[in-house]
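J.: give the three-dimensional model of this entry:
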Amino acid sequence: MTFWIFAIALAGLAALMLLLALLRGKGEAAVAADSDLGVYRDQLHEVEKDVARGLLPEAEAKRVRVEISRRVLEADRALARAGDGARAPRALTFAAGAAAVLIVVGGAALIYARIGAPGYPDLPLRARLAMAEDLRADRPAQADAEETLGPPVLPPDVDPDYLKLIEQLRAVVAERPNDAQGLALLARHEAALGNFSAAHGAQARLVDVKGADATAQDFANLAEMRILAAGGYVSPEAETALTQALSRDPRNPIARYYSGQLFAQIGRPDLTFRFWQALLAEGPADAPWIAPIRMQIEEIAFRAGQHNFVLPPVEDQPGPSAGDIEAAGQMTAEERMEMIRGMVGGLAERLATEGGPASDWARLIRAYGVLGEAETAAPMLEEARAAFADDPAGLAEIEAAASDAGLAP
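T.: Sure thing, here's the model as predicted:
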């Protein structure tokens, strides 16, 4: 209510100033014309006195009288016009004032109704931060989020033989629940089927089995599987896994990406922008997280108040095209991950058939590491080592990628 009182008072004050300007303009014109007439009359009296005293010749006096009379007539006409303007448009003046009020007050109200937020209370920064923390503390648990989505739907074109192998793997893991390799395989293949609930269950068990040896990537994979199982929602359980990942490796890209997604969901776009801008700058352009970041970061920057942010152009190297990024905006979280895996698979096929520079092999190895597919990356790493055995610089780049992917030298 206080906002509306001040808004109406300011609008009324603006309208009043316009009305006073209209009235003052006419009044000042009349005063100026009347003052000029008085001056000219006094000048005529002075001329007559000078003639009577013999100080001014009659011929000169006649010329001066004509000039003063001309000025008197002009001032009289000006006074008449001002007087007519002051008398006749009284109604017009009030009409103009009413129009000014309608334009100023009504126009301001219309603009605010279209681009403002009528009915909303003031939201200072402290209140917004408190709201974000409340939302973060009270958001649904993982199980509740998964329940709202229903059971997973398997892809219709899955090879029946592959499903049999998965069933056998499930049986083996059930018999050997502490087998880390079996749990890792099961988590990855359940995720490949789109069965993310079972995937994060196996991944959570893997983390428990590894104990203190669990890596940042193990926790990042667990967080990602939980997020995908919840349809992109970052639950408290997923946040816990992200925290564990970042505590072990603050630069883990997949944990940083999903941490940004968490803050976007609870109303902290400023923190999302910090995470995503850094990831976007670091690249590489074909990293799995770059496409979704490019798709969303402009809106995040606007909401965070970063109005000078300009999305950098896509680098000219293998990776998502502008069309890929646009298409990703219409996908679900599962479809987006499938697209990312498809791009990584395409890069792997190209390198296997055509070869490529060390930088491409390094990107592929890093991508598999981020996706948690170390078993797939291992033969690629050996092939790259063999291909660049005589190229120390290329080999060093590949070894750095292997280290980033968590592969032993």
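J.: what sits against the residue nearest to M225 when sequence neighbours are not counted?
T.: Of all residues not flanking M225 in the chain, H200 sits nearest, at 3.7 Å (C-beta to C-beta, 6 or more residues apart in numbering). For the C-beta atoms, the positions are set from N, CA and C on the backbone; glycine is no exception. Each residue near H200 by C-beta atoms under 8 Å, 6 or more residues apart in numbering is listed here: 187, 222, 225-226, 229.
J.: which one of the residues you listed is nearest D42?
T.: The nearest member of those to D42, counting by C-beta to C-beta, is R226 at 96.7 Å.
J.: tell me which helix or strand the residue nearest to M225 sits in.
T.: Using DSSP states H and E, H200 sits in helix 196-210.
J.: what pLDDT does the residue nearest to M225 get?
T.: pLDDT recorded at H200 is 94.
J.: equivalent analysis for L371, please.
T.: pLDDT, L371: 71.
J.: what do you get for the one 4 residues further on?
T.: The confidence metric pLDDT takes the value 74 at E375.
J.: pull the number of nearby residues for the closest residue to L364 other than its chain neighbours.
T.: Among residues not flanking L364 along the chain, L347 sits closest, at 5.3 Å (C-beta to C-beta, 6+ apart). For L347, the neighbour count with other C-beta atoms under 10 Å is 20.
J.: was I right to think L347 contacts W361?
T.: No - contact criterion C-beta atoms under 8 Å: L347 and W361 do not qualify, at 9.4 Å.
J.: what helix or strand is L16 located in?
T.: Using DSSP H and E, L16 sits in helix 2-53.
J.: what's the closest of the contacts of H200 to N252?
T.: Distances from N252 to these, taken by C-beta to C-beta, are shortest for L222, at 12.1 Å.
J.: my understanding was that Q277 contacts I297; is that so?
T.: Yes - between Q277 and I297 there is a contact under C-beta under 8 Å: 7.0 Å.
J.: which residues are in contact with L16?
T.: L16 neighbours (C-beta under 8 Å, 6+ apart): none.
J.: pLDDT wise, what is it at?
T.: L16 carries a pLDDT value of 71.
J.: that one and I5: what is the separation?
T.: L16 sits 16 Å away from I5, going by C-beta to C-beta, to the nearest Å.
J.: and stretch 140-156, which residues are buried?
T.: The neighbour-count check on stretch 140-156 (16 or more other C-beta atoms under 10 Å) flags 142, 145-146, 152 as buried.
J.: dump the C-alpha coordinates for that stretch into PDB.
T.: Written as PDB, here are the backbone C-alpha positions of stretch 140-156 (Å, rounded to 0.1, in the frame of the first residue of the first chain):
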ATOM      1  CA  PRO A 140      11.100 -32.400  -1.900                       C
ATOM      2  CA  ALA A 141      13.200 -35.500  -1.300                       C
ATOM      3  CA  GLN A 142      14.600 -37.700  -4.000                       C
ATOM      4  CA  ALA A 143      12.000 -40.400  -3.500                       C
ATOM      5  CA  ASP A 144       9.100 -37.900  -3.700                       C
ATOM      6  CA  ALA A 145      10.400 -36.400  -6.900                       C
ATOM      7  CA  GLU A 146      10.800 -39.800  -8.500                       C
ATOM      8  CA  GLU A 147       7.400 -40.900  -7.400                       C
ATOM      9  CA  THR A 148       5.700 -38.000  -9.200                       C
ATOM     10  CA  LEU A 149       7.400 -39.100 -12.500                       C
ATOM     11  CA  GLY A 150       6.300 -42.700 -12.300                       C
ATOM     12  CA  PRO A 151       8.200 -45.800 -13.300                       C
ATOM     13  CA  PRO A 152      10.900 -45.400 -16.000                       C
ATOM     14  CA  VAL A 153       9.900 -46.200 -19.600                       C
ATOM     15  CA  LEU A 154      12.500 -48.300 -21.400                       C
ATOM     16  CA  PRO A 155      13.400 -47.400 -25.000                       C
ATOM     17  CA  PRO A 156      11.300 -49.400 -27.500                       C
END
